[in-house]
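Q: got a predicted model here, sequence first, then my questions.
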Amino acid sequence: MATIVSPLPGIFYRKPGPGKPPFANEGDAIVVGQTLGIIEIMKQFTEIQSDVAGTLESFEVNEGDMVNPGDAIVVVREG
Amino acid sequence: MKKLLIANRGEIAVRIARTARDMGIETLLVASEPDAESLAARTADHVVVVGPAAAPASYLNQDAVITAALDNGCHAVHPGYGFLSENAAFARKVADAGLIWVGPDADAIEMMGNKSMARESARKAGVPVLRGSDGPLDPAADAVDVARGIGYPLVVKASAGGGGRGIRFVNSEDELLETIDMARGEAASVFGDPTVYLERFVQHARHVEVQVLGDGTSFIHLGDRDCSMQRRSQKVIEEAPAPDLPDSVRQTIRESSVELARECGYSGAGTVEFLYDPVNHEAAFIEMNTRIQVEHPITEQITGIDLIREQLLIAFTGAMSVRQDDIRFSGHAIECRINAEDTDNNFFPSPGLITVMEWPAGDGVRVDTGVEAGSTVSPYYDSMLAKLIVHADTRESAIEAMLAALDGTRIEGVKTTIPVHKLLLGRPEFAAVSHHSKFIETVADLMEAK
């Protein structure tokens, strides 16, 4: 299992915008560099990308949650 | 006694509450939970918490704002800038609820929010617009002929494009037809619509704008501003009047902006924004903002007119207190937007607790802020901490006064953009007014993480 952590503080979103589908869902096949969510901090947006390939096991934070650097965002089952 | 709901936060909420108090208008601020004890909350007479920190649940929560207004006996809603200020649907809901909207009516907001409708009304009012094919380029038309009328360089834009995508540059006639073919093919495959249009491209454009006021009967301007110092299309330094503008251009943009306000029976404060081509001495319409602008204080400093007061007079009495003949311009004003950003780390946002906040004082210095020592800068909202404004006799002395004011400012706990302001104000390009709206991006040492 690989844990993708947030490199920065901010608010986590799974979708690129209101009413849009999520970037990824549990069970999805994930490739390296794939965007899994975005972190917003003071109107600046940073994409959270996977650094491993595999299957998305779980989200560790909810839509709209405040996260801190190092907080687990997503768990990916490698392979 | 009149009661005004302020649907905003930070410095503009403080700004509105202060003028309202001077006018004997009672204020009610809607705030998010973390803003319940803010400087704005303490400046207003009453506070209603409408939701949690995230703006969609609080400052953008239209029903909660209107309910707060009705439940608390408010007569009017001032939206400030940002948030709901240019939301025509919200303006309409406010009016339908029997409340006064401090701003132009929903139809004017809607028209100016639509790029092609705004351009069309600007053209009708005699506002100079960017030369172009005026709508889709007819595939049967002689594109070379159309392009000659526009001039080079020009851009081919996909009608269905946006956000910088679907744009191709054409430097000269021999590249034109091939580029149009490529652009049509690309537009068809990327956007599903091969329609393109042509537009003049202005290199090194400056951003100038005209402040207007209207009360539905009278329409006036309060001069111009230059906001060319921008980073990623966000204004960083603004000044009034716009420097180094030929008299004929200044007169054209001022008068045609007033005509545009007249054309839409405008009621409230508005800003007509222009691209200015300093090589060909031509201005062209960008858009009209149907609200109070962040940089309104520099206009107030050179005219002595309180724009928030005029907005409230127009909203409550239907008439502004000034005529065009009353407007006199004096000296030069500069505003620096001080943001909580780390200029050593590519302007990364710097939220946190402000431990020290000391501002310069003295003649000609004005600080508009919504925070103070002990305030926490939230990750939920934009990064602007304050606007530092100076007013002096000349542009040169205003630049000096701003540098001194920045030197006299002490902010600790969060990183700020003050070092970049000092750097920009000291640049020879700023002194010579040879900067432009992409200047900061082109000066590598300002942009690179040091």
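A: That came through fine. Residues are numbered from 1 along each chain as shown, chains lettered A, B, ... in the order given.
Q: helices or strands next to the biggest strand by length in chain B in the packing?
A: For chain B, the longest strand by residue count, based on DSSP state E, is strand B:219-231. Secondary-structure packing of strand B:219-231 (3 or more CB pairs under 8 Å, 6 or more residues apart in numbering or on different chains; DSSP states H and E): strand B:206-215, strand B:234-240, helix B:247-263, helix B:296-303, helix B:439-442. (Glycine included, C-beta is placed from N, CA and C.)
Q: who's in contact with the following helix or strand past the fourth one?
A: Put plainly, it is helix B:296-303. The element immediately downstream of helix B:296-303 (helix or strand, assigned by DSSP states H and E) is helix B:307-317. Contact with helix B:307-317 is made by B:2, B:4, B:15-16, B:19-20, B:22-23, B:25, B:75-76, B:78, B:100-103, B:211, B:213-215, B:222, B:267-269, B:292, B:296, B:299-300, B:319-322, as judged by CB atoms under 8 Å, 6 or more residues apart in numbering or on different chains.
Q: specify the beta-bridge partners of residue 4.
A: Here I'm looking at chain A. residue A:74 (DSSP bridges).
Q: let's do chain B instead
A: residue B:27, residue B:76.
Q: just checking, it touches residue B:28?
A: Yes. Between residue B:4 and residue B:28 there is a contact under CB atoms under 8 Å: 7.1 Å.
Q: circling back to that earlier point, only the buried subset of the contacts of helix B:307-317, as a ChimeraX command please.
A: A single ChimeraX command selects the buried members of the contacts of helix B:307-317 (16 or more other CB atoms under 10 Å in any protein chain shown):
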select /B:2,4,15,16,19,20,25,75,76,78,100,101,102,103,211,213,214,215,222,267,268,269,292,296,299,300,320,322
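Q: which residue does chain A bring closest to chain B?
A: For chain A and chain B, the shortest gap (CB to the nearest CB) falls at residue A:42, measuring 3.8 Å.
Q: quick one: contacts for that residue?
A: So residue A:42 contacts B:340, B:349, B:351, B:379-383 (CB under 8 Å, 6+ apart).
Q: save these as TSV, and put in neighbour count and secondary structure too.
A: TSV is the format used below for these (neighbours: other CB atoms under 10 Å in any protein chain shown; DSSP: H, G, I helix; E, B strand; the rest coil):
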residue	neighbour count	secondary structure
B:340	25	coil
B:349	24	strand
B:351	18	coil
B:379	24	coil
B:380	23	coil
B:381	22	coil
B:382	17	coil
B:383	25	coil
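Q: any buried residues in stretch A:27-37, and which?
A: Quick answer for stretch A:27-37 (16+ other CB under 10 Å): A:30, A:34, A:36-37.
Q: do the same with stretch B:80-93
A: B:80, B:82-88, B:90-93.
Q: same deal with stretch B:159-174?
A: Going by 16+ other CB under 10 Å, stretch B:159-174 has these buried residues: B:159-161, B:166-168, B:170.
Q: ok, now stretch B:259-278?
A: B:259-264, B:266-278.
Q: ok now it, how far from the chain's centre?
A: Put simply, stretch B:259-278 sits 12 Å off its chain's centre (CA atoms, centre = their mean, to the nearest Å).
Q: so for that stretch, mean pLDDT?
A: Stretch B:259-278 carries an average pLDDT of 96.
Q: could you work out the end-to-end span of that stretch for me?
A: 24 Å (CA to CA, to the nearest Å).
Q: how much space separates the closest residue to residue B:40 other than its chain neighbours from chain A?
A: Excluding the flanking residues, the one nearest residue B:40 by CB to CB, 6 or more residues apart in numbering or on different chains is residue B:13, at 3.7 Å. Separation of residue B:13 from chain A (CB to the nearest CB, to the nearest Å): 18 Å.
Q: what do you get for residue B:416?
A: Separation of residue B:416 from chain A (CB to the nearest CB): 13 Å.
Q: count of residues packed around that residue?
A: 25 (other CB atoms under 10 Å in any protein chain shown).
Q: what do you get for residue B:281?
A: Neighbour tally, residue B:281, other CB under 10 Å: 11.
Q: please apply the same query to the one 5 residues further on.
A: A count of neighbours around residue B:286, defined by other CB under 10 Å, yields 20.
Q: please state the offset of stretch B:75-89 from the chain centre?
A: 14 Å.
Q: for stretch B:349-366, that is, sorry about that
A: Per CA atoms, centre = their mean, the centroid offset for stretch B:349-366 relative to its chain is 22 Å.
Q: residue B:410 reaches residue B:356, doesn't it?
A: Yes. Contact criterion CB under 8 Å: residue B:410 and residue B:356 qualify, at 5.6 Å.
Q: which strand residues bridge the closest residue to chain A within chain B?
A: Closest residue of chain B to chain A, CB to the nearest CB: residue B:349 (3.8 Å). Note on residue B:349: beta-bridge partners by DSSP bridges are residue B:341.
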